[in-house]
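S.K.: Give me coordinates for this.
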Amino acid sequence: MKNIRGYETFVRVEPLHKGWSSDQKYYIETAEGRRLLLRIADSSEYSRKKAEFAMMGQVAALGVPMSHPVDFGICDHGKSVYLLLTWCEGEDAELVLPRLTEQEQYRLGKQSGEILKRIHSLPAPEEKEEWSSRFNRKASHKIAKYQACGIKLNGDDEMIGYIENNRHLLSGRLQCCQHGDYHVGNMIISGENTLSIIDFNRFDFGDPWEEFNRIVWSAAVSPPFATGQLDGYFGGKPPLEFFRLLIFYISSNLLSSIPWAIPFGKEEIDTMKKQAEEVLGWFDNMKNPVPTWYWQERNESMK
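M.R.: Numbers count the residues shown, from 1 in each chain. Take a look at the predicted model:
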């Protein structure tokens, strides 16, 4: 860490352990009173982290409230790569939202949808593979990996059946820059009830609507927030085509969550099983594309 530019100004270095990233994370205070976030990864991730730093710069230039990129480079005598970012003041959104009124939750949800729309204004590189072939292959891989893992979800037949019967929905979808993990767990709410976005380390390029595959985490914490996110993104009620693709992407994600959870043990497996049962209830066993938490009549009363 000592050969990070500006290290001599660090007067407080505090390790952070929250989250699933393999990055080492530290809260930093400098002699000048700046508060920063330091992320350190293995040098094998140099290209990926360089791209992440550049992408964050592009997103920040759009006026997105977020951790702004400050510096990027090699440290630990070439063994590691680091990103230095501004610190987002506030508290985790998943903790704050339940303490707020439904109207305030909805307002912040709308703000999150408008922010996401801004992120999605950045196009994907032209050389990216066509989305339908790319994600159909990905979905097939997820199904095969799930079927081979030995642990089953209630309702998996409905999820797999929905994917197989709706692969055509992927045809012609345009691609853009994605945050990659957009939900309340990666959002900060300040004391003035304003939103900031953190953790861009899973950024990708793909169908903008696929980004909503993580909305299950937000809806579980705050249905008004999740509803507001959709209304803010679409400028009103989303089209039915969106909801049909939403089930497709969520189903694909749920199936892959079990192989992902197995190395972390029973607690994480049970969490994913519980989430799958909740999602099945929201979509009436994948028969109704509009989730039960999205309630248009309530939306009107909150505007």
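S.K.: Okay, strands next: where are they in the stretch 1-150 of the chain?
M.R.: 10-16, 24-30, 35-42, 69-75, 80-86, 91-92 (DSSP state E, counting those that start in this stretch).
S.K.: Mean neighbour count, those: which tops it?
M.R.: strand 80-86 (a mean of 22; mean count of other CB atoms under 10 Å). Placement of C-beta: from N, CA and C, glycine included.
S.K.: now for that strand, which elements pack on it?
M.R.: strand 35-42, helix 46-61, strand 69-75 (3 or more CB pairs under 8 Å, 6 or more residues apart in numbering; DSSP states H and E).
S.K.: The strands of the stretch 1-150 of the chain: which one's closest to residue 141?
M.R.: Proximity to residue 141 (CB to CB) singles out strand 35-42 among the strands of the stretch 1-150 of the chain, at 25.1 Å.
S.K.: Partner strands of the closest one and their direction?
M.R.: Next to strand 35-42 in the sheet, as set by DSSP bridges, lie strand 24-30 (antiparallel), strand 80-86 (antiparallel).
S.K.: Using TSV, please lay out the ones you listed together with distance to residue 66.
M.R.: Listed next are those as TSV, based on distance: least, CB to CB, whole Å:
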stretch	distance to residue 66
strand 24-30	16
strand 80-86	8
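S.K.: Could you export the ones you listed as JSON lines, including distance to residue 243 and mean pLDDT?
M.R.: JSON lines is the format used below for the strands paired with strand 35-42 (distance: least, CB to CB, whole Å; pLDDT from 0 to 100):
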{"stretch": "strand 24-30", "distance to residue 243": "36", "mean pLDDT": "96"}
{"stretch": "strand 80-86", "distance to residue 243": "35", "mean pLDDT": "96"}
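S.K.: Just the C-alphas of the lengthiest helix in the chain, formatted as CSV.
M.R.: Longest helix of the chain, by residue count under DSSP state H: helix 240-261. C-alpha atoms of helix 240-261 as CSV (Å, rounded to 0.1, in the frame of the first residue of the first chain):
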residue,chain,number,x,y,z
LEU,A,240,-45.9,-5.1,-20.8
GLU,A,241,-43.0,-6.1,-23.0
PHE,A,242,-40.7,-5.0,-20.2
PHE,A,243,-42.4,-7.1,-17.5
ARG,A,244,-42.3,-10.2,-19.8
LEU,A,245,-38.5,-9.8,-20.1
LEU,A,246,-38.2,-9.0,-16.4
ILE,A,247,-39.5,-12.5,-15.5
PHE,A,248,-37.1,-14.0,-18.0
TYR,A,249,-34.0,-12.2,-16.5
ILE,A,250,-35.1,-12.8,-12.9
SER,A,251,-35.7,-16.5,-13.6
SER,A,252,-32.3,-16.9,-15.1
ASN,A,253,-30.7,-15.1,-12.2
LEU,A,254,-32.6,-17.2,-9.6
LEU,A,255,-31.4,-20.5,-11.2
SER,A,256,-27.8,-19.3,-11.2
SER,A,257,-28.0,-18.1,-7.6
ILE,A,258,-28.0,-21.7,-6.2
PRO,A,259,-24.7,-22.9,-7.7
TRP,A,260,-23.3,-19.5,-6.7
ALA,A,261,-24.5,-19.9,-3.1
